[in-house]
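Chemist: Quick check, what structure comes out for this input:
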Amino acid sequence: MGKLKKKTRNPGVGIDFKKVKHKVGKKLPRAQNDTDTNFKSRSINLPNQAVREDRSNIAVNFQNLTLKELLNQTSHHNDKSRKHSLVGLADLFGRHPEQLRLHASQVLGTLAERIVDGDSSVRSALRDLLNNSVLPILGSDVLRPFMPVVMAHVCGAMTHLSLDVRNDALLFLDVMMDHVPQLVLDGFLAPCLAHFCDLFSAAHRSRSIRAQSLSSLTKLLTALTSFLKRAFPEDVTPASAAAGAQATAAGGGGTHADMDMDYTMRSVRDAEAAAGPGPSSIRQQMQSLAAYPGMPLGADRMRRPQRPAGDLLRQLDALFRNAAAVTRSGRKQRRKSEGPDTADNKRHKKGRGSVSTTETAAAAKGGKGVAAAAAALAAVTTPAAATAAGVGLSAASGAAAAGLLGAPTAMAAALAAASDARASALRLVSLLMDCWLECSPTQLAISPELEQATALAMIAAACNSLIERLLLPRQAASGSAGQQHGVWQQGPPPSAEQRLALTQQLHDLAARRVAAHFPAVLPPVKPPPAVVEALVRLNLQSAELLGRFLPLLADSRPHHQPHNSLPAEPGASGNVALWWVPALVSYYVGALEQGLLLPPAAKTLSDTSSAAATAAQGMSAAAADALLMAVSVALGQLDDSAAARLMAAVAHFSARQFPRSGARLACIRMQHSLLRAAVGGRVCLADGAVASWLEPLPKMLWELGGGSPEISAAALLLLLDAARFAAPGSSASEFLSSALQPQLAPLFAVQLPPKAAKAAWAKYTSTLAAAAPLSGSGSGLGCAFSETSGEVMVLLPGAVSKLPEAVARLAVDLIYHTGALGAALLKPLAAALSSAALTGPLCLRLLDVVMARLRDAPDPALAASWLLTLLFGPQHGQRVLSPDGADLTASWDRQRALVDTAMMSLGRLGGAAPLLMVLAPQLTTLPLAEVATVGGRGARLQRYSLVRLCALALGEAAGGDRLPAGLMGIVPAAAALCGVEAGVAVALAEAGPNGTAAVLPYSTTFGPIAQLLAERPALAMAVIRHLLALLRQMAQPPEDQALLACVTLGYLPLHTAALVALQLAQAVVKLQPVRLALAASAADRECLARLVKELSETAHKLPVAAAGTAGSDHAAACSLESQRLLQTVGDLFGNAAAA
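Modeler: Sure thing, here's the model as predicted:
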């Protein structure tokens, strides 16, 4: 049997303390309540704390830190400290902006170094600081000297090794363009474009997988598009451009010599402003290499290449390839000779891309690829640079250029080449087309993506901007943005041959690739709305890009294909094969007729086609404007059949638009540009095309009213230019005079029938009752308004009265160019002139235009009848109301100015005497000599017009010194009453505080009567006789004694009229022609003395009580004036005559 296992007792039972056995050499275990005394201490040195320091008299931020301390922290090793320092600077500049102005140099120099900071939060804080504080406070004038420093760091960040820094550098460039765009463009346009070329180059984008992605490309394209939009903004809208062209044509403009002189002087000033800072030795070398003869210092900064553009692009490509090949071979030979260790040791001495100005031997051997490539670029940029460098243009290479130029000269050549904006733009277009292929445009017809379509649209937009503003600027724009931004500052614009060569090269480079995928279509599977919008933008930008190459249709010279162009289509000859023109025309026609900016794909279902049409129906104003302007440019280059298709499509498109829509405005602008092109001989318009454009415009102007002044101005400009350039006797001229002219009448005013007067009068009286109680005194000049609806003329103001003054003047000027005026237009114009519907200056301008055109009236009776209505018509005595009850009655000053303007214009119609002879039978029937109408509005204007007309007729040499027989007895009475009315108006206006009338200024008050009597002094005695008869009528007491307090002469106060009559008699006696006539006749002197005595006696018989409380003052004034009259006659003709 085995041995039994010994049973163990329970260890936890009966044991209170466990006995621990200690062994020799072992450490005792640590007790549970033992305290650890092992710790380290360090001293903190705080010599001074800014938080507790008193800095009440120092400019500090919220952290109590000064500018110096914050600037020092911007270079701290900790990222958060650098960020917090920038935030503190923003707070400091907000509290104390003067600190930034005082220390601008130190602040900008320190902040510029943070542009390439490794932390993204620091760069973001720096952008906020520059955008919100630094740039707005300093302004462009203060920033100008520091721009080279800031832009050097921005351009350096654009070529940084870090992709994040490169992307943020574009954001910094946007900030600079937001605040100081002109400073960036004046001296840094070419470097910025050159750095964009580096960013889009394959070598730069192949550094990492993320740099090759489509999202990274989209960011670059967004930055480039934003930069180009700020660099070349739209200076003028098409409507204002058309208005400027119209004004230039109307004013005559300057001669070509003056324009060339202005262009030269402006170029010199811009070149002087473009000269930037830099070492004097480099600038001298640049000037000796690349400056034009006779141009100022710094002329090479914005120069353009003088060689043909096609040769420029091909030689650039070849020379860069040669330079790269020589560089690679030179590096291999140098490694073999020096050994691997030497090459590795010298690798980190220079940064990537640096050019040394001291290593002449290495540059001569071709070891520096950058210097060699820059020298090659400078060699092909200008012939002067190549000649100075000793490089043959036909066999130039990078190694030869670097060997001949040497290191310092190569550096100068590199700087000169980098300052050529056109060369950079040409290279940038080539790189953008490479990016076009990277975006896989063939995928758009199957499954388009938003990022892909957006990138392609931005590529096309950037190419359009570069071509329009830098490579092929508009020739007609003398003050375009390219010149303003220093692009075309050196020498005259390129010749026609140079433009054609560059257009051919750009066509092979860009148009062939774009046309292969134009237009983008709506795929069978309907994409999201954002993708549809991006595809529409792509089509519009592609169509605009292709339209720039339509001038090549007229080129018949042989065309060579470069190595990088797409193969020509089958059947293409040696000329430029624009095989995409039919597709472009079809796209334009579909977009205009059906609104298909995104046509459906072929062989798709019907619902897809309708969806495409529905998606494109809501064409925006910008899209319509861009489309129509592109069509207008294309019409001048296409053949007759294609142009006819486009013209019909434009007419169909215009008919479908609403009057207030932006598309209608774009259509009118496009038609205006076509009209101007046809006048210049660049476009041939079919007979009747212009008439079809003009026919709906008057109705559209009436519907618009004053709601859309911009559209109204565009329509009036189109009408005005069409009327100005219409040849006499042509179909357009006949259309203007017969069809268009009557439609213009409602635009000024429409006289409603008498049955509308009752409703208008009721609204008018209700308005007056609501505002204030009606005044029923019935006294005073001008109070004789209509009291019943039967004496009211209702006038509906036209659209011209609702337009701004400048736009309304276009409508007035249009009347002059529509030919002889007919009765359908003259009658509304007379009603408009007799009211306050139009402004005063506009009325005078309209009257001047009508008077200038009345001489061409086919029937002279029509002109006489219109003048009779204007000067003596019954509408002057009526209250003019609008249908809504508004008062449109013209004031007396306005009516008098209208009559004076008409009288001054009678010389165009043959003079006043013939008109007076024609109007005499009608004038004899008017109540011009009736005392009861004194002070009435209509009768007052009629008498004033008669006196002015008779005075002019008597003053004309051919008019004789006699009036028509029927007017001999009317004119003196009308003159007397006219003088009394004019004097009472002035007396009441200049009355004193107690109601007494002042002494009247004779020359201004009685001017028309004095002019009449100066021409015919024999009428003076007749005028005084009528004044005596007038006073006798005043002296007769009323039958009812209760009416003494309100006795008037017509509508004039009795005593005021008597006082004015005495003053008028005294003014007549003092006239020099009247005095000479009386001095020659004793009988007339005796008659005058008798009349004056009777006037004085009659003045004393006036009823005193008629004036109320002021009756005694008025009676005393009349008595005093009668004594003055007697004294004046006695002084002039002797006391015997006065006795």
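Chemist: And K1101, how close does it get to S1119?
Modeler: 11 Å (C-beta to C-beta, to the nearest Å). Just so you know, the C-beta spots here come from the backbone N, C-alpha and C atoms, and that holds for glycine as well.
Chemist: who's more crowded, these two?
Modeler: S1119 (15 against 12; other C-beta atoms under 10 Å).
Chemist: what's the average pLDDT for the helix or strand encompassing the more buried one?
Modeler: For S1119, the host element (DSSP states H and E) is helix 1111-1133. For helix 1111-1133, mean pLDDT is 75.
Chemist: Show me where the stretch 901-1050 of the chain has its strands.
Modeler: 1048-1049 (DSSP state E, counting those that start in this stretch).
Chemist: what stretches of it score poorly on pLDDT?
Modeler: In the predicted model, the stretch 901-1050 of the chain carries pLDDT under 70 at residues 957-961, 991-1004, 1037-1050.
Chemist: what's the neighbour count on R55?
Modeler: Counted with other C-beta under 10 Å, the neighbours of R55 add up to 11.
Chemist: Secondary structure element holding it?
Modeler: Applying DSSP H and E as the criterion places R55 outside every helix and strand.
Chemist: 40 is where my numbering starts, stick with that
Modeler: All right, first residue 40 from here; so that's R94.
Chemist: From S240, how far off is it?
Modeler: Taking C-beta to C-beta as the measure, R94 falls 52 Å from S240.
Chemist: Also C989?
Modeler: 88 Å.
Chemist: So those two - more neighbours on which side?
Modeler: Neighbour count, other C-beta under 10 Å: between C989 and S240, C989 has more, with 28 against 14.
Chemist: Run through the residues that contact that one.
Modeler: C989 sits next to 955, 1002, 1006, 1010, 1051 when contact means C-beta atoms under 8 Å, 6 or more residues apart in numbering.
Chemist: list the contacts for the second one?
Modeler: Contact analysis of L1002 by C-beta under 8 Å, 6+ apart lists 955, 989, 992-993, 1010, 1055.
Chemist: got the contact list for stretch 955-972?
Modeler: Here stretch 955-972 has contacts from 903, 906-907, 911, 978, 981-982, 985, 988-989, 992, 998, 1002-1003, 1005-1006, 1008-1009, 1012-1013, 1016, 1069, 1072, 1088-1089, using C-beta under 8 Å, 6+ apart.
Chemist: redo that, cut-off 6 Å
Modeler: 903, 907, 978, 981-982, 988, 992, 1003, 1005-1006, 1009, 1012-1013, 1089 (C-beta atoms under 6 Å, 6 or more residues apart in numbering).
Chemist: Also stretch 102-120?
Modeler: Stretch 102-120 has contacts (C-beta under 6 Å, 6+ apart) with 89-90, 94, 99, 121, 124, 127-128, 138, 149, 153, 158.
Chemist: do the same with stretch 148-168
Modeler: The contact list for stretch 148-168 (C-beta under 6 Å, 6+ apart) reads 110, 113, 118, 121-122, 125-126, 128-129, 188-189, 192, 196, 199, 204, 207, 210-211, 214.
Chemist: Among those, which lie within helices?
Modeler: Judged by DSSP state H, the contacts of stretch 148-168 include 110, 118, 121-122, 125-126, 128-129, 188-189, 192, 196, 204, 207, 210-211, 214 as members of helices.
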